[in-house]
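Trainee: Here is a sequence together with a model predicted from it:
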Amino acid sequence: MAETEIHLQAAAPFDFWSTLQAHGWVDLLPNEYHPESNSFSRIEQLASGKVVRMGVSAEQGDEIIPLNVLVNHGGRLSSKDRSEIEDVVRHMLRLDEDLSEFYRLCRQNGFPWSQMKPGKGRLLRSPGLFEDMVKVICTTNVQWGGTRRMVRELVEQFGEPLPLYPELKAFPRAQTIAALTFDEFQSRVRLGYRAAYIYQLARVFGEKSNCYAQFFNQQTPTEEIKKELLAIKGIGNYAAASILMLLGRYDEIPVDSVFQQLMRQKYFHQEDFDLKEALAVYENWGRWKYLAYWFDLLTFHQAAEDEGTSV
DNA sequence: TTCCAGGGGTAGA
DNA sequence: TCTACCCATGGA
């Protein structure tokens, strides 16, 4: 396969490692984390239909952090392809997000947030909304191992293969799933009751790939996006909060078993609690609640790990 | 075997 | 708005 290097720059502060590790997305196909080189790779199907493998790594830097993207591809990589790959990396790593207000609040709010080094707090996302929405639905009411299995089966069954390495596949396009009958889709991937939700979502995106373009418009109020998300079958409060986070809006907390466990262990002395009281813990974080909660969770787990106790 | 997981839909109050 | 019940699937 041909190989092309693409160079990008992230403006400081930017912490590549914590962006990859902040939540589990780097472990869901077609992403793959490579601990030995602290890099990740991804099989991506470009708009032209061409399937490529991209390996992304970062170097050290003070004001500018150089990012290297090694692209393996068949044939020639057009300038349009290159520019699309740059956009994919930029979007996945959220290079255009400004978290300076969040960092300022972290300094004001004391421990543990005062430990939050600028450059952290970015959470990896997928290049496209369809993939992120499907993956969020695959996290509902299932353990993480189940999420990984469901996503893996989706990629293996319906993803477009990389030339010469057909075992490596891109995330399926919505149109590919929408072209199947529901019975066939359901029989090829064990998604449980989520199959109907994901199939319906694929039909909506398959019909019009930018069906939720307004979600990316900064002028659209978060409340409006949340309302539209909740109208989608399979997406409730937890999934809507998670998708909002992936859209770069941190106003909502995803209430799930992880959140409830943290509340019981850290704030409510191992006892049951009122949800409103629990959510009030992060009330003064305004539009940064999700990040405040998530960093609280990560540092709590880290502290338990350092002490040798499990949570 | 039973329980439940990075929940959500629906019906009925 | 709140609650009870059901929903596939697989790991613990």
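Mentor: The structure has been received and is ready for your questions.
Trainee: helix/strand/coil for the residue nearest to residue A:94 when sequence neighbours are not counted?
Mentor: Once flanking residues are discounted, residue A:94 sits nearest to residue A:122: 4.9 Å by CB to CB, 6 or more residues apart in numbering. Any C-beta I mention is one placed from the backbone N, CA and C, and that applies to glycine too. Three-state call for residue A:122 (DSSP: H, G, I helix; E, B strand; the rest coil): coil.
Trainee: List the contacts of residue A:122.
Mentor: Residue A:122 sits next to A:14-15, A:18-19, A:22, A:93-94, A:97, A:99 when contact means CB atoms under 8 Å, 6 or more residues apart in numbering.
Trainee: need the strands for the stretch 101-250 of chain A, in chain order.
Mentor: Secondary structure of the stretch 101-250 of chain A by DSSP state E, counting those that start in this stretch: the strands cover A:161-162, A:165-169.
Trainee: Show the pLDDT at the residue nearest to residue A:94.
Mentor: pLDDT for residue A:122: 95.
Trainee: would TSV of the strands of the stretch 101-250 of chain A with mean neighbour count be doable?
Mentor: Formatted as TSV, the strands of the stretch 101-250 of chain A follow (neighbours: other CB atoms under 10 Å):
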stretch	mean neighbour count
strand A:161-162	19
strand A:165-169	14
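Trainee: Can you pull the domain assignment for chain A?
Mentor: Domain ranges of chain A: A:2-115, A:129-229, A:257-307, per automatic domain parsing.
Trainee: Would you mind listing what in the stretch 151-300 of chain A touches DNA strand C?
Mentor: A:190-193 (CB under 7 Å from any atom of the strand).
Trainee: Narrow those to just the buried residues.
Mentor: residue A:191 (16 or more other CB atoms under 10 Å).
Trainee: what's the closest of the residues of the stretch 151-300 of chain A next to DNA strand C to DNA strand C?
Mentor: Of all these, residue A:192 has the smallest distance to DNA strand C: 3.0 Å, by CB to the nearest atom of the strand.
Trainee: Quick check: phi and psi on that closest one?
Mentor: Main-chain dihedrals, residue A:192, degrees, to the nearest 10: phi 60, psi -140.
Trainee: about what we covered before: in JSON lines: the domains of chain A, plus distance to residue A:242 and mean pLDDT.
Mentor: Listed next are these as JSON lines, based on distance: least, CB to CB, whole Å; pLDDT from 0 to 100:
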{"stretch": "domain A:2-115", "distance to residue A:242": "9", "mean pLDDT": "96"}
{"stretch": "domain A:129-229", "distance to residue A:242": "5", "mean pLDDT": "98"}
{"stretch": "domain A:257-307", "distance to residue A:242": "9", "mean pLDDT": "94"}
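Trainee: can you list the ones you listed in JSON lines and add distance to residue A:243?
Mentor: Putting these into JSON lines (distance: least, CB to CB, whole Å) gives the following:
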{"stretch": "domain A:2-115", "distance to residue A:243": "13"}
{"stretch": "domain A:129-229", "distance to residue A:243": "6"}
{"stretch": "domain A:257-307", "distance to residue A:243": "11"}
